[in-house]
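>>> When you get a sec, could you give me coordinates for this:
(chains A and B)
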Amino acid sequence: MAKTRAESGQRNDPARDVALLRRIHERDEGALSAFYDRYSTFVYSLARSVLRDDGDAEDVVQDVFFRVWERADAFDPDRGSPAAWLTTMTRRLAIDRTRSRSFRARGREAPLEAVAGSASDAGRDSVTNSAEANEVLAALEQLEPAYREVIRLSYYEGLSHSGIATKLGTPLGTVKSRLREGVTQLRRILAIKT
Amino acid sequence: MDHKIALELLESYLFGTLDDAERAAVEAHLLTGCAECTARLRDVSELSVRLAQAVPQVQAPARAKERLFDRIRTTHHPAKRARASSGRLRFAWGMAGVATAAAGVLLWQTTVLRDELRTTNRLLASTIADTGRLRTELSTYRAEVEKYKDAMMLGEPGVRFVSLDGMEPNRDAFGNVVCKPDMSAGMLYVYRFPMAPEDKEYQLWGLRDGLPPVSLGMFTVDPNGAAMLKMKLIPEATHIVGFAVTIEPKGGMSQPTGMMYVKGMDPMEEGEG
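Residues are numbered from 1 along each chain as shown, chains lettered A, B, ... in the order given. Down below sits the predicted model:
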């Protein structure tokens, strides 16, 4: 499989993405092709990190972009950028897949062993990691361990609140508050502004 | 869903880790237009993108794009136009206040419902047409079944079989009558009959010994001069000794008035006589 450097620079153009989504909504296959070219690596990589299977990840890519074609009108700019919309959709479809009977039967009940699971071991040796990726990993390192662990389990292992509580032996309310606080801190470290 | 609970679940909603029920509940809450939750969602969503960028980037196989376009070209979307209206609403950057959003939802629902109604009407019309066609086919098949039932009568014990011979000037015409011994049912088959004028029809008569003939039905012939007639039920008391066909005014007569085309006597009745 060919690996490429992340196209984060190209992706950081929400206005262009919204214009593409408008054209996709009007059944412009060329726009879908352009949108696919901009995001397929991103979607595939994210799905692959969740599923740890190339074939399943490819299926998720199919489903995500087919939904984009079918429901471009479902994108709501009030809730975030097109990249955020794709991220949520990809993660949801991938995680749903891990919950399927056939997936579990293949022995992947806990599939999300961190691809970027901890700041120390995640992909630092990968030529594919962009400076942006490394910035995120460094930000995770700055979090208090309790917060980092909850974010890791939630985002990179796909566990629910109760799943995290069980795994850590921590009260459910504590998990919720740690997740929320961890996200708030991480946003502050990364200076994310919307 | 309670606002506070929805707010607690937003991160997991974005991370995709909620179960279906929780996800649906959060979606429902967001549709109420809750400003705080929408703002929080927008804030966290960009972090979700950044976290996703931290995974090693690997290019999707080239065939994935081909598969995608094969899929979209082979999928039919009858309701697409309905969604087109909703899309224009959603793309209105920064214009959507709560009231506008509510109106948009209503408009979207109205558009979708109108489209569904049109689709349903088309399906209904199609179903009605199909029903009519199927009824016609059913009648045809029923007629066929009746025909075979009549033909099966030929194999019943004691069935009466009467040959009808052509009369001048139509000596080529001929026919047969097959009927049950008690005359409760019977069939007439005729061949090489001339086409009757538009105002005329052929009429089958039961010939009775010492009594006036009794009408057993009317018929017309096909372009080949052939016809089949299922005879009327004949009262048991009626004593039929033979059959004849005459041409009569449309609708038939109570007694024969026109030219006789074929005639035949039941050999069993003749023997007894």
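
>>> who does the helix or strand containing residue A:88 touch, helix- and strand-wise?
Under the criterion of DSSP states H and E, residue A:88 resides in helix A:82-98. Counting contacts by 3 or more CB pairs under 8 Å, 6 or more residues apart in numbering or on different chains; DSSP states H and E, helix A:82-98 packs against helix A:14-25, helix A:29-51, helix A:54-70, helix B:3-15, helix B:35-53. Quick note: C-beta positions are derived from backbone N, CA and C, even for glycine.

>>> Which of those has the lowest mean pLDDT?
Among the helices and strands packed on helix A:82-98, helix B:3-15 has the lowest mean pLDDT, at a mean of 84.

>>> CA atoms only: put the helix or strand following that helix into PDB for me.
For helix B:3-15, the following helix or strand on the C-terminal side (DSSP H and E) is helix B:20-31. Taking C-alpha atoms only, helix B:20-31 is exported to PDB below (Å, rounded to 0.1, in the frame of the first residue of the first chain):
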ATOM      1  CA  ASP B  20     -28.100   4.000  18.800                       C
ATOM      2  CA  ALA B  21     -30.600   5.200  21.400                       C
ATOM      3  CA  GLU B  22     -28.300   7.800  22.900                       C
ATOM      4  CA  ARG B  23     -27.200   9.000  19.500                       C
ATOM      5  CA  ALA B  24     -30.900   9.400  18.500                       C
ATOM      6  CA  ALA B  25     -31.700  11.300  21.700                       C
ATOM      7  CA  VAL B  26     -28.800  13.700  21.200                       C
ATOM      8  CA  GLU B  27     -29.800  14.200  17.600                       C
ATOM      9  CA  ALA B  28     -33.400  15.000  18.700                       C
ATOM     10  CA  HIS B  29     -32.100  17.500  21.300                       C
ATOM     11  CA  LEU B  30     -29.900  19.200  18.700                       C
ATOM     12  CA  LEU B  31     -32.900  19.500  16.400                       C
END
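
>>> helices or strands up against helix B:20-31?
helix B:3-15, helix B:35-53.

>>> any idea of the mean pLDDT in that helix?
The predicted model assigns helix B:20-31 a mean pLDDT of 82.

>>> Who are the contact partners of residue A:87?
Residues counted as contacts of residue A:87 (CB atoms under 8 Å, 6 or more residues apart in numbering or on different chains) are A:46, B:14, B:45, B:48, B:49, B:52.

>>> Quickly list the domain ranges of chain A.
Domain ranges of chain A: A:9-111, A:130-194, per automatic domain parsing.

>>> Is there a neighbour count for the closest residue to residue A:63 other than its chain neighbours? I'd like the number.
With sequence-adjacent residues excluded and distances taken as CB to CB, 6 or more residues apart in numbering or on different chains, residue A:63 is closest to residue A:93, at 5.3 Å. Neighbourhood size, residue A:93 [other CB atoms under 10 Å in any protein chain shown]: 21.

>>> got it, and residue A:146?
Neighbour count for residue A:146, taken as other CB under 10 Å: 14.

>>> Check the one 10 residues further on too.
For residue A:156, the count of nearby residues is 23 (other CB under 10 Å).

>>> And for residue B:254?
10.

>>> beta partners of the closest residue to it other than its chain neighbours?
Once flanking residues are discounted, residue B:254 sits nearest to residue B:215: 7.1 Å by CB to CB, 6+ apart. The partner list for residue B:215 in beta bridges (DSSP bridges) reads residue B:205.

>>> for stretch A:145-164, which positions count as buried?
Residues A:147-161, A:163-164 are the ones in stretch A:145-164 that count as buried (16 or more other CB atoms under 10 Å in any protein chain shown).

>>> Give me the subset of those that also touch chain B.
Among the buried residues of stretch A:145-164, the ones lying close to chain B by the criterion of CB under 8 Å from any CB of the partner chain are A:151, A:154, A:155, A:156, A:158, A:159, A:160, A:161, A:163.

>>> For the last one, pull up the helix or strand it's in.
Okay, so that is residue A:163. helix A:161-168.

>>> I'd like to know which of the helices and strands packed on helix B:20-31 is closest to chain A.
Distance to chain A, taken as CB to the nearest CB, is lowest for helix B:35-53 among the helices and strands packed on helix B:20-31, at 3.2 Å.
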